[in-house]
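1. Please find the sequence and the predicted model below.
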Amino acid sequence: MRVLLPVLLCVITAATAQESSRPTFQATTPEILGDTMGVDFGPYLAAVLKDVRKNWYELIPPVARPPQWKTGQVAIDFAIQRDGHLTGMRVTGPSGDVALDRAAWGGITASSPFPPLPSDFRGSSLVLRLHFYYNPEKPGAYARAMYDVTVPETRERAAADLIAYAHLHGEVANHVAYVLAAQNTHLDDAEKLGSASVLVSEQASAAINLEHFTSGDLLLMNELAEHWDALGAVRLARGEKDSAKRYCRTAWELGGEGPYLQRVARLAMQEDEPETARHMLQVALSGEATAYDKRQIREDLAKLGIDQPQAIPEPTTVILPNPSAAEGAAEFWLLFAADHPPQVKWAGGDKELAAQGSAIAAAKYPPQMPDAGPEHVLRRVLLACRGTTCKLTLLYSYQAIPASGLKTQ
């Protein structure tokens, strides 16, 4: 999940240095330590990892953040019972620092209970090992540059170091682009790095096939939204407000992370559109966000006169006719591309609603991509029909992987 200097970015925060010099924390996909009995646990493990990672991030101690940049790794074994309850936890690979171990432990316990195990798994429990990495494989020079770029006296040199590092390590290019935009420096380089990251993600998504896709393809949608959002930050820093708004808004429509829409709301604040900003911020409050991000959204709302805001869920919905008057609920997968209507695939639910596939393909949708690039956008949608109409709701990418597994047939 995821500072804005005044006026020029999609986001303004009170902690520019902390956000833009954010260290790297990784929790890898859990290892299965027992017999899977032929069950595909990929989607289930992705859901477990998402919850643990979110809770762990909230507990990471100050020593792992700048300027200390404490490094270390922790391995923890644990079991998930059939009903999702946690048992048998033990640290099998301590980091040597109790604060790092405690944060990893708390990330798991705060996530319990987990979703029930998949129904086709006949075992009594699932035993897992989860690895947590604090600032893994971060050269000292890179870590120092991430901190130094927030300091005016060292900003230019640090920015040049980050750009050079990003050219050699493409996996950090998107984050470096965002940091440069946050500091309003080397914006031409930020544009190149951000655009290259977006293109890599878009080209990867172009290979998605609706007839056969994996949980990895769904996770790619999270990455695509994040890269669009970062490029939006760069574009606004360069004064390209229309393009910035398009990229940040489309990132929200796909990813559903509160900070993405908050960036658009702050642009509305800058353009003296307080009512629009208030509404967007309350919608953003309903999105996926860390406690820190939600606090920032509430602070923006307080500036606009709303001291006790309420989250306003506002997912994208489309109303369809229901000539057969069939009632019930169903799920579909949609694959959007720039040059044709979405492909539609039945995923489950009331079978009589499968005939709505043609109407779903022909429906009008808000823009699903910010450019005419090669990307394919994969969305999970819910259809609810009653009387003469049906309502189609597009889920955000973080909601797209069912804990019980993919149902694409």
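-> Arrived safely.
2. tell me which element the closest residue to Leu395 other than its chain neighbours falls in.
-> In this structure, Leu395 finds its nearest non-sequential neighbour in Arg380, 4.7 Å apart by Cβ to Cβ, 6 or more residues apart in numbering. For the C-beta atoms, the positions are set from N, CA and C on the backbone; glycine is no exception. Using DSSP states H and E, Arg380 sits within strand 377-386.
3. all helices in the stretch 201-350 of the chain, in order from the N-terminus.
-> Taking DSSP state H, counting those that start in this stretch, the helices of the stretch 201-350 of the chain run over residues 215-237, 241-255, 258-270, 274-284, 291-303.
4. try the stretch 51-200 of the chain
-> 98-109, 140-148, 155-168, 173-182, 187-205.
5. Could you export those as JSON lines, including distance to Ala237, mean pLDDT and mean neighbour count?
-> Formatted as JSON lines, those follow (distance: least, Cβ to Cβ, whole Å; pLDDT from 0 to 100; neighbours: other Cβ atoms under 10 Å):
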{"stretch": "helix 98-109", "distance to Ala237": "33", "mean pLDDT": "91", "mean neighbour count": "19"}
{"stretch": "helix 140-148", "distance to Ala237": "18", "mean pLDDT": "79", "mean neighbour count": "19"}
{"stretch": "helix 155-168", "distance to Ala237": "13", "mean pLDDT": "92", "mean neighbour count": "18"}
{"stretch": "helix 173-182", "distance to Ala237": "4", "mean pLDDT": "93", "mean neighbour count": "28"}
{"stretch": "helix 187-205", "distance to Ala237": "6", "mean pLDDT": "95", "mean neighbour count": "20"}
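6. domain ranges for this structure?
-> Domain assignment for the chain, taken from automatic domain parsing, gives 25-134, 317-399.
7. Can you lay out the ones you listed as JSON lines showing distance to Arg246?
-> Listed next are the domains of the chain as JSON lines, based on distance: least, Cβ to Cβ, whole Å:
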{"stretch": "domain 25-134", "distance to Arg246": "27"}
{"stretch": "domain 317-399", "distance to Arg246": "5"}
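8. Compare those domains and say which comes out lowest on pLDDT.
-> Sorting the domains of the chain by mean pLDDT places domain 25-134 lowest, at a mean of 89.
9. list the contacts for Ala225?
-> Thr250, Ala251, Trp252, Leu254, Gly255, Glu257, Tyr260, Ser397 (Cβ atoms under 8 Å, 6 or more residues apart in numbering).
10. go with 6 Å
-> Ala251, Leu254, Gly255 (Cβ atoms under 6 Å, 6 or more residues apart in numbering).
11. How about Arg82?
-> By Cβ under 6 Å, 6+ apart, the residues touching Arg82 are Leu117.
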